[in-house]
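1. sequence and predicted structure, then a few things I'm wondering about:
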Amino acid sequence: MHGGFSLDLKKPVTSPTAADSKPADSLPAANATNEAPAANAESNKLFESESEVQIKLADIQADPNSPLYSVKSFEELGLSPELLQGIYDMKFIKPSKIQERALPLLLSNPPTNLIGQSQSGTGKTAAFVLTILSRIDYSVDKPQAICLAPARELARQIYDVIREMGKFTKAKVTLAVRDENSNEPINALDSHIVVGTPGTLFNMCKTNRQLLKSVKVFVLDEADNMLGSQGLSDQCIRIKSFVPRDAQYILFSATFPDQIQLFASKFAAPKANEMLLKAQEVTVKDIRQYYISCTPDRKLEVLAMLYDLMSLSQSIIFAHRRDTADNIMKLMEEKGNTVVSLHGKQDTAERDRIMDEFREGKIKVLVSTNVISRGIDVAQVSMVVNYDMPMDAAGRADTETYVHRIGRTGRFGRSGVSVNIIDGASSLEVQQFIENELDIKVKEVSFDDWEEAEKTLRKAL
Ligand SMILES: Nc1ncnc2c1ncn2[C@@H]1O[C@H](COP(=O)(O)OP(=O)(O)OP(=O)(O)O)[C@@H](O)[C@H]1O
């Protein structure tokens, strides 16, 4: 029984007003204030406009309990006029808590290392990007800062942020990610900053062992993931061996599980300042978390019913496996719903195109694996769906991945909704484990009374 729900299977999801695809170098800034074009008049009422967000943000940033709160202005943080110009051009008004606390430490001399944790969407990128851009000697054309991220999508985003924030400086930035369609080596020799994934940068180091000998700042974004997964962590350690010992090490993430903290301190040895959150502070309060129970054979039906809500703004559906993501795309298409899948098995150019179109609002609903669970910042994502609950290889609840996945919405003061599809005892157990670890309560919305469920979710958006 699904109340009086009727599914609009033919609803268009491709925005007619979205700009044409642009090359990677001219992507909009990752903080993109570009609103996803409204799907219809109703969606205008439902979703926060950019000006509404700005008004709300002024209140939020004045609340001492908010992670976006700060007392100081950007001027008081000792940034150069070129960087202040860059920040204000991006419509930043006040720093967030992590920016206000981390920047004075990161910019002080002699440089000190930092292990910094702050909730998803609270501006960690700007904290390390401003540090990098402040520490470069622009008269020396050599790599002086490197930043590593676990996935190409995130590395490309950070590259865009550096270029946007540093556009009034003379910063030269190189993106070091794999390009399956080119045999040309990536030349970073006369760049100031190299941003990339560990595998590609490590290969570049092997070709030129002197490449990183002038590096002064080494950033690991999503540091717990970079150090916690075998392959990535080996590569990071090897890259570190090419970097001078006295470089400044900056490790950021929204999550730092206990077992990684010791490793992180060793990586940032001999000494690092630490800014860590308590377990109950980790999730963003503006993300309303729900779950829907159903039998495994009805999961797709749940997605189809959520589709109208998902496509009003933009959404990401997370699946455990690549083939599940592809199947969801295919089966949703058969139901008349456009969902595009993105995962690591695709060609790199295809991945870039899909991500660019999602940023531009041309693609409304993305189904993906954990490849975009961390760091991806698209302001208009208002809903995240866990089609499969996050689990590690051994089938245990993966709390960190849950935090990062739902953190793709609710960015910097915006509201967001997450929905877990619970299809049996094991996914319920995973959810309960996560609830306990994070000291949160995920609320149920009933699939059997869809009208009521839809009302609840719309209100939460
Ligand atoms: N001081 C600020 N004022 C306004 N917007 C800001 C400010 N700082 C950052 N932002 C914007 O907030 C959004 C989220 O920032 P960012 O991507 O750095 O978050 P994060 O903390 O790195 O999140 P995650 O843990 O998910 O990687 C971005 O769009 C960014 O441009």
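-> Cool, the structure landed. Nothing here was measured: the structure is a model prediction, and the numbers come from that model.
2. show me what from the stretch 351-461 of the chain comes close to the ligand.
-> Contacts of the stretch 351-461 of the chain with the ligand, taken as C-beta under 6 Å from any ligand atom, map to Gly375, Asp377, Ala379, Gly407, Arg411, Phe412. C-beta here means a position set from N, CA and C on the backbone, and glycine is covered the same way.
3. look up how far Phe242 lies from the third one.
-> When C-beta to C-beta, to the nearest Å is applied, the distance between Ala379 and Phe242 equals 36 Å.
4. who's more crowded, those two?
-> Ala379 (23 against 19; other C-beta atoms under 10 Å).
5. you'd agree that one is up against Gly413?
-> No. Assessed by C-beta atoms under 8 Å, Ala379 is found out of contact with Gly413, at 10.1 Å.
6. SS state for the residue nearest to the spatial centre of the chain?
-> The chain has Gly375 as the residue nearest its centroid, 1.9 Å off, counting by C-alpha atoms, centre = their mean. Following DSSP: H, G, I helix; E, B strand; the rest coil, Gly375 is assigned to coil.
7. which non-adjacent residue is nearest it?
-> Leu154 (4.1 Å; C-beta to C-beta, 6 or more residues apart in numbering).
8. tell me who's in contact with that neighbour.
-> Asp221, Glu222, Ile372, Arg374, Gly375, Ile376 (C-beta atoms under 8 Å, 6 or more residues apart in numbering).
9. the second one and Met383, how far apart?
-> Between Glu222 and Met383 the computed distance is 22 Å (C-beta to C-beta).
10. same deal with Gly196?
-> Applying C-beta to C-beta to Gly196 and Met383 gives a distance of 31 Å.
11. next one: Lys266
-> From Lys266 to Met383 the distance is 39 Å (C-beta to C-beta).
12. okay, those two: which has more neighbours?
-> The neighbour comparison of Lys266 against Met383 (other C-beta under 10 Å) goes to Met383, with 28 against 12.
13. what about the more buried one, which helix or strand?
-> strand 381-386 (DSSP states H and E).
14. hang on, the earlier thing: widest-spaced pair of the contacts of Leu154?
-> Asp221 and Ile372 (13.9 Å; C-beta to C-beta).
15. look at Asn183 and say how many residues are nearby.
-> Residues near Asn183, counting by other C-beta under 10 Å, number 6.
16. just read off the phi/psi values of it.
-> Main-chain torsions, Asn183, degrees, to the nearest 10: phi -100, psi 0.
17. how many other residues sit next to Ala62?
-> Neighbours of Ala62 (other C-beta under 10 Å): 13.
18. correct me, but it touches Ser70?
-> No. Ala62 lies out of contact with Ser70 (C-beta under 8 Å); the separation is 9.5 Å.
19. quick one on the thing from earlier: and which of the contacts of Leu154 is nearest the ligand?
-> Comparing the contacts of Leu154 against the ligand with C-beta to the nearest ligand atom places Gly375 closest, at 3.8 Å.
20. following element in sequence after the helix or strand harbouring the residue nearest to Gly375, please.
-> Here Leu154 sits within helix 152-165, counting by DSSP H and E. Scanning forward in sequence from helix 152-165 by DSSP H and E, the next helix or strand is strand 173-176.
21. centre of the chain to that next one, how far?
-> Distance of strand 173-176 from its chain centroid, counting by C-alpha atoms, centre = their mean, to the nearest Å, is 19 Å.
22. alpha carbons only: can I get that strand in CSV?
-> In CSV, the C-alpha atoms belonging to strand 173-176 read as follows (Å, rounded to 0.1, in the frame of the first residue of the first chain):
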residue,chain,number,x,y,z
VAL,A,173,49.4,24.5,-10.5
THR,A,174,49.6,21.0,-12.0
LEU,A,175,47.0,18.3,-11.7
ALA,A,176,48.6,14.9,-11.4
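23. can you list the strands that it pairs with?
-> strand 193-196 (parallel) (DSSP bridges).
24. and the partner strand, average pLDDT?
-> For strand 193-196, mean pLDDT is 98.
25. tell me the helix or strand right after that strand.
-> Using DSSP H and E, the helix or strand that directly follows strand 193-196 along the chain is helix 198-207.
26. could you tell me the angle between that following helix and helix 152-165?
-> Angle of helix 198-207 versus helix 152-165, following axes from the mean of the first three to the mean of the last three C-alpha atoms, to 10 degrees, is 80 degrees.
27. centre of the chain to helix 198-207, how far?
-> Centroid separation between helix 198-207 and its chain, computed with C-alpha atoms, centre = their mean, is 24 Å.
28. again, but for stretch 312-321
-> The answer for stretch 312-321 is 13 Å, by C-alpha atoms, centre = their mean.
29. list the buried ones in that stretch?
-> Neighbour counts over stretch 312-321 (16 or more other C-beta atoms under 10 Å) mark Leu312, Ser313, Gln314, Ser315, Ile316, Ile317, Phe318, Ala319 as buried.
30. so which of the residues you listed sit within strands?
-> Under the assignment DSSP state E, the buried residues of stretch 312-321 contribute Gln314, Ser315, Ile316, Ile317, Phe318 to strands.
31. which of those residues lies at the shortest distance from Ala145?
-> For these, the nearest to Ala145 is Ile316 (30.0 Å; C-beta to C-beta).
32. near the ligand, which residues of the protein show up?
-> Going by C-beta under 6 Å from any ligand atom, the residues of the chain near the ligand are 30-31, 92-96, 99, 118, 120-126, 254, 375, 377, 379, 407, 411-412.
33. all strands in the stretch 351-461 of the chain, in order from the N-terminus.
-> Here the stretch 351-461 of the chain has its strands, by DSSP state E, counting those that start in this stretch, at 365-368, 381-386, 416-422, 443-444.
34. so the longest one versus strand 314-318, what angle?
-> The one in question is strand 416-422. 30 degrees.
35. angle of strand 416-422 against strand 381-386?
-> Using the same axes, to 10 degrees, strand 416-422 lies at 20 degrees relative to strand 381-386.
36. name the helices or strands packed onto strand 416-422?
-> strand 287-293, helix 299-312, strand 381-386, helix 399-406, helix 425-438, helix 450-460 (3 or more C-beta pairs under 8 Å, 6 or more residues apart in numbering; DSSP states H and E).
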